[in-house]
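Build me a model:
(chains A, B and C)
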Amino acid sequence: MRILRFLIKRLLYLIPIMIGLITITFVLMNVIPSNPVRLAIGPQASMETEERVRRQFGLDRPVWEQYILYYERMLRGDLGRSLVTRRPVVDDLQRRIPASVELAIVGMFIGVALGLALGVLSAVHRDKLIDHASRVAAISGVSIPAFFLSLLAQLILGSALALFPITGRISFEVDPPSAVTGLYLLDSLLTGNLAALRSAAHHLILPAFTLSIPILALTARLTRSGMLDVLSQDYVMNARAAAGLPERIAIYKYALKNALIATVSQIGLGFGALLNGSVLVETVFDWPGLGLYTVTAAINQDIQPIVGTTIVTGFMFVIINILTDLTYRILDPRIEV
Amino acid sequence: MIQSDLSGDAERSRNGFLTQDQRDILRIFLRNRLSVLGLGIVVFWIVFAFIGPALAPFPPQQMDFVHKLSPPSAAHPLGTDWLGRDVLSRLLHGTSITLLIGVIPIAIAIVIGVPTGAIAGYFGGRVETLIMRTADIFLSVPALILAIAVTAALGPSLVNAMIAVSVVWWPWYTRLIHSQALSLSKRVFVEAAIGLGASHRAIIIRHLLPNMASSIFVRGSLDLGFAVLTMAGLGFIGMGAQAPSPEWGLAVSLGRRFMPEFWWISVFPGLAIFSVVLGFNLLGDGIRDAMDPEIRGR
Amino acid sequence: MVTDSPLLAVRNLQVRFETLRGELQAVNGVDLTIYPGQIVGLIGESGSGKSVTAKSILNVLSTPPGITAGEIWYRERNLLDLSPREMSKIRGQSIAMVSQDPMSSLNPVFTVGEQLRDALLWSEIVQDSTSEPSSWNLIDRFTRAGRRRFRRASAQAVEDLRQVELPAPHQQVKNYPHQLSGGMRQRVLTALAWAGQPDLIIADEPTTALDVTIQAQILMLLQDLVKTRGASILYISHDLGVVAQLCDRVAVMYAGEIVEEADVREIFENPRHPYTEALIRATTMASEDDLVEIPGEVPNMLALPSGCHFWPRCPMMIERCASDTPLLAVVGPNHKSKCAVIHGEWV
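Presented below is the predicted three-dimensional model:
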């Protein structure tokens, strides 16, 4: 029940956040120096057409009326139409979100798994070679630009060694699996399409690994400091001094759980890094997800898709943060959820 | 036990022009080889930002179609690009831009974030709610995506990209300063100042800010690397510096078309960004470790 | 008077830490002897090195010491010579610690029952195994023997909690430490330390965080357990009142050294070191809850006064105290003091 109350409280808090976000995007759309109507109808269209479209979208009304209209549209789930794809933004997003989600999940998984291992090793062997090496690796991982790392991966693993395909989500020779969830790996498993599974996995490795690097670095860092913190606590000393437990158990069972909770409590930062990174990684790997969509729209000054992705990623980001908070609360018995 | 002995000692002995605490900070910083390496890298690039243009063997925009796309050689140590421009020269000319566009957004973010955070934390009430909820909204979108949206709305350019990064960054400082101001304003010396009838302005400026300076400094130095990365990222996707600027993120992006055969056009500026960010991050970590009293005790 | 061979004999223990401002000698030449069935009190102000002494006996100092030197004889073995593996069989099974602070000594994210169960499991594994004890056994719920061991240990955990007089042990095993009161946690810690049936308990100020009534209960519990199980206790405290009530023998530490050592009645009736005298005076004058305070400043361990470390605070100080070091010399039956103004012996 407490968990439910917590969830409701946080979800209610989502409302002012979304109102704020919609307001920000509304302001952005209205400061845009270019003429959105002209961009939408093209330079050949007549003044009359421009006037008609302007009225049609309510752009001739006062700003506050437009603001109200804007909410109405949002509530209807209408995010406008993209100038580039000529499709409603909502349709584009539906098509692209699964690609991003698949990449993000795999990237997150790789990053967290390796980061945890590295962080724990680092803390346990503090100031030894492995600690120094993993700290240098971690700080390099957050320092290397995602787009540059993607390029290097393409250059070395893709071109020079020809181990992986350089761009795309699945090979042209292979038909994508029939859409169930939109996640290629899952869909090809569900439909038993092994050729698609192999191709999709092969295409996924490089971008997912590149995307995982900052997460890996962050997780390793959080886990190391969390672990060091826990290892200096009385209860770890006491597990050995009073209960006489062997060091391995004192560390890998007793200390690790505390450190994990501390890591989970801050992993929201990792999701931020993940979403930022995916913009650049998707651009370089030509991965048909949200990030690439945003960048294409931005280059073309196509404001509706940008606003759409901003609102949608904002929404997802807040939800993800609520979920990590929830996980943390469930894991930590000290918090009365 | 050890720690209380040390801090007691710190109050007592002051000699030279540094206090015992400051000397400890310096000693911890210098003891960590990685921090010193970071300082070295940053100093190296700052020096090059100043003298780089003078050292560059060619003007950054000088084209040479005879020698276009030539690999690294004695004449062009880092090769030439598709217009025959010298990659090294462009790199050197781009140093100051790359560093500046990292520093400026952080400076602006501090200028916005510190007063808003201090006001929110000190006054509390509705002002606090308004400021902090606004900050929350800005933090609810991942930084790069919001920055892209803002830049796209304002029109892609270096200045607009810097504005965008400041817009997404200030809430972090507001949060930091808010929580500090909150705890500081309950401390005895601030309450005493209030009791003595000091104006709010005087209390914020004379009592709160000086006590928050070190955490602003630490946070700022940790953020520099991130800011350079974000700006380079915006440059890379075409939302930052515009051609023919020698900005590094843009340089990596434009060279992409010539990958993998003519890798040097992208790889060298990419390495340069990496090293600057690494330098800032190592330096920032070193500063944080040296100034954080908790870590210092260990 | 106990005449057996000692259970624990610490000889010339030295513990040094490297700190930022130089080397810190936390323990300097401590000798300590504990016989079977004896309760020895080690008292001193905080920072005097008594906790460091205790932790270095078990080799569980959280800040790794620069150097630990000397000898720590437990029965016929010098603990400082043991391998980590051998040492881990001593900890909990032969010597166990009851910790200073019931609030921070239990792991907050595991239930009380699980923590006690693991201690019991491990002690069973160490004590009856024909092969080398392996950590695997602590997570083995996959084999039938493993599951049986788990069930047995869980039942034993409830039984042990009953023995330390924890109310409703069946329910308490499912609780997390923060759901227990301080006194209850101290009981759990006591049960935890006894889980391996050690013959020496090192109790590091186990009652400081508790109120007086609960303190008394815990002390009774300790005394009971010593009587019924025939173990020895090294009781570390700054509270002379508790030590007087509980201990057979007392050693007083100041600035990393033992300055006086005698049987409990002797030391209270006939203290032969000005520091001990000051401690006793402060205790009798202070009201029950007050912290015992002695005039003068606690010494800075990084810059100890030369000669006798106590001279800056000593009412009996003579000129020579500031330059020459006094000996820890015999001043009575089973009674040693490190005050040369009293016995006249200098190094």
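
measure the residue located most distally from the centre of chain A to C:Ala193 for me?
Distance from the C-alpha centroid of chain A, by CA atoms, centre = their mean, peaks at A:Ala242 (44.7 Å). Using CB to CB, to the nearest Å, one obtains 4 Å as the distance from A:Ala242 to C:Ala193. Where you see a C-beta, it was placed from the backbone N, CA and C, and this is true even at glycine.

Identify the contacts common to those two.
C:Gly92, C:Ala96, C:Met97, C:Val98 (CB atoms under 8 Å, 6 or more residues apart in numbering or on different chains).

now, which of those lie within helices?
Among the shared contacts of A:Ala242 and C:Ala193, none falls in helices (DSSP state H).

near chain A, which of these show up?
On the criterion CB under 8 Å from any CB of the partner chain, C:Gly92, C:Ala96, C:Met97, C:Val98 are the entries of the shared contacts of A:Ala242 and C:Ala193 that sit beside chain A.

Mind putting those residues into a markdown table with pLDDT and distance to C:Thr53?
Listed next are these as a markdown table, based on pLDDT from 0 to 100; distance: CB to CB, whole Å:
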| residue | pLDDT | distance to C:Thr53 |
| --- | --- | --- |
| C:Gly92 | 88 | 19 |
| C:Ala96 | 92 | 16 |
| C:Met97 | 90 | 12 |
| C:Val98 | 86 | 15 |
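
can I assume C:Glu260 sits in a strand?
Yes. Assessed with DSSP: H, G, I helix; E, B strand; the rest coil, C:Glu260 lies in a strand.

Any idea what it is bridged to?
C:Val252, C:Ser337 (DSSP bridges).

Indicate the residue of chain C located nearest to chain B.
Of all residues in chain C, the one sitting closest to chain B is C:Gly47 (4.3 Å; CB to the nearest CB).

hang on, that residue packs against C:Met301?
Yes. Contact criterion CB atoms under 8 Å: C:Gly47 and C:Met301 qualify, at 6.7 Å.

any chance you could map the helices in the stretch 1-150 of chain A?
Taking DSSP state H, counting those that start in this stretch to define them, one finds helices in the stretch 1-150 of chain A at A:2-31, A:36-41, A:47-56, A:63-75, A:89-124, A:129-143, A:146-153.

buried set for the following helix or strand past the last one?
It refers to helix A:146-153. Proceeding N to C from helix A:146-153, the next assigned helix or strand is helix A:184-190, under DSSP states H and E. Residues A:Tyr184, A:Leu185, A:Leu186, A:Asp187, A:Ser188, A:Leu189 are the ones in helix A:184-190 that count as buried (16 or more other CB atoms under 10 Å in any protein chain shown).

can you give me the mean pLDDT across the following helix or strand past helix A:184-190?
The helix or strand immediately downstream of helix A:184-190 is helix A:194-231, counting by DSSP H and E. Per-region confidence: helix A:194-231 scores 92 on mean pLDDT.

is any part of helix A:194-231 close to chain B?
No. Judged by CB under 8 Å from any CB, helix A:194-231 makes no contact with chain B; its nearest approach is 8.6 Å.

what inclination does the helix or strand just after that helix have with respect to helix A:194-231?
Downstream of helix A:194-231, the first helix or strand assigned by DSSP H and E is helix A:234-241. With axes from the mean of the first three to the mean of the last three CA atoms, to 10 degrees applied, the angle from helix A:234-241 to helix A:194-231 works out at 90 degrees.

Tell me which residues are up against the very next helix or strand once past helix A:234-241.
Proceeding N to C from helix A:234-241, the next assigned helix or strand is helix A:247-249, under DSSP H and E. Here helix A:247-249 makes contact (CB under 8 Å, 6+ apart) with A:Ala239, A:Arg240, C:Pro84, C:Ser88, C:Asp118, C:Trp122, C:Ser135, C:Leu138, C:Ile139.

Close to chain C: what parts of the stretch 101-250 of chain A are there?
A:231-249.

now with 10 Å?
Applying CB under 10 Å from any CB of the partner chain, we find that the stretch 101-250 of chain A lies next to chain C at A:126-127, A:230-250.

on that earlier part again, go ahead and confirm the residue farthest from the centre of chain A touches C:Gln186.
No. A:Ala242 sits out of contact with C:Gln186 when judged by CB atoms under 10 Å, with a separation of 11.7 Å.

Now do the shared contacts for the two.
When contacts are counted by CB atoms under 10 Å, 6 or more residues apart in numbering or on different chains, A:Ala242 and C:Gln186 have C:Val98, C:Ser99, C:Ser105, C:Leu106 as shared neighbours.

mind checking how far the third one is from C:Ser99?
By that I understand C:Ser105. C:Ser105 sits 4 Å away from C:Ser99, going by CB to CB.

what touches both of the two?
A:Asp234, A:Tyr235, A:Met237, A:Asn238, A:Ala241, A:Ala242, C:Gln186, C:Leu189, C:Leu192, C:Asp204, C:Pro206.

tell me the contacts of the closest residue to A:Ala241 other than its chain neighbours?
Closest residue to A:Ala241 apart from its sequence neighbours, by CB to CB, 6 or more residues apart in numbering or on different chains: C:Met97 at 3.9 Å. With contact taken as CB under 10 Å, 6+ apart, C:Met97 is in contact with A:237-238, A:240-244, C:54-55, C:57-58, C:60, C:91, C:105, C:189, C:192-193, C:198, C:200-204, C:206, C:234, C:236.

mind running it again at 6 Å?
When contacts are counted by CB atoms under 6 Å, 6 or more residues apart in numbering or on different chains, C:Met97 touches A:Ala241, A:Ala242, C:Leu58, C:Ile202.

which one of the residues you listed has the most neighbours?
When the contacts of C:Met97 are compared by neighbour count (other CB atoms under 10 Å in any protein chain shown), A:Ala242 ends up highest, at 32 neighbours.
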